[in-house]
Structures are given as C-alpha cells and as structure tokens.
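1. okay, here's the prediction I keep looking at, along with the sequence it came from:
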Amino acid sequence: MESINTSCNNVLANKVVKELGGVTALAKLMALSQSAVSHWLVRGVPKNYMVRNKLAELLEKKLVNPDRLIKELRDG
C-alpha cells in the first residue's frame, strides 16, 4: 500500500513538472535524462537537497508567485 507521504510527493512532482514545462523541458533545464524526470512522477521528487534547491530556483524564475510550491519542495 502506498504511503500518504509518497502520494503527496507524487502530487508535488506532477505540479513541479507541469509548471516547468513538462518532462522533456525539465530534463533539459536540470541536465538530466527524460527517464530520470519521468520517474519523479511515479516515485516523487528526490529528497536530495541540491535537486530540490535547483527546482526552487527554476520555479522562482518562471512563476509569478512560486512561494507555495517552493514551500512544499523545501518541507517535503
């Protein structure tokens, strides 16, 4: 059975990927493979500080009001 935390992280991953232009665009922005970013949609955003920090930076550049989504990333 999937835990609530994993489910929340999957929802967060979907939001982040969508806001940053989809799997292909985000993979290019992060210098990662499309496969790696696609796995986030299943397993959630990695807990790695560097990955989450980079995503927060990208969201700050792209979104008008990214604070809520960035808070979710950092609290996650």
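-> All right, it came through fine.

2. which is the next helix or strand following the biggest helix by length in the chain?
-> With secondary structure taken from DSSP state H, the chain has its longest helix at helix 4-19. Note on helix 4-19: by DSSP states H and E, the next helix or strand toward the C-terminus is helix 23-30.

3. sorry, back to before: list of residues touching the longest helix of the chain?
-> 23, 26, 37, 40-45, 55, 59, 62-63, 66, 69, 72-73, 76 (C-beta atoms under 8 Å, 6 or more residues apart in numbering). Heads up, the C-betas are built off the backbone N, CA and C, glycines and all.

4. mind checking which of the residues you listed are buried?
-> Among these, those classed as buried by 16 or more other C-beta atoms under 10 Å are 23, 26, 37, 40, 44-45, 55, 59, 66, 69, 72-73.

5. so which one among the residues you listed has the lowest pLDDT?
-> The lowest pLDDT within those belongs to residue 66, with 80.

6. and it, its phi and psi?
-> phi -90, psi 0 (degrees, to the nearest 10).

7. contacting residues for it?
-> The contact partners of residue 66, by C-beta under 8 Å, 6+ apart, come to 19, 56, 59-60.

8. run a quick neighbour tally on residue 20.
-> By the criterion of other C-beta atoms under 10 Å, residue 20 has 20 neighbours.
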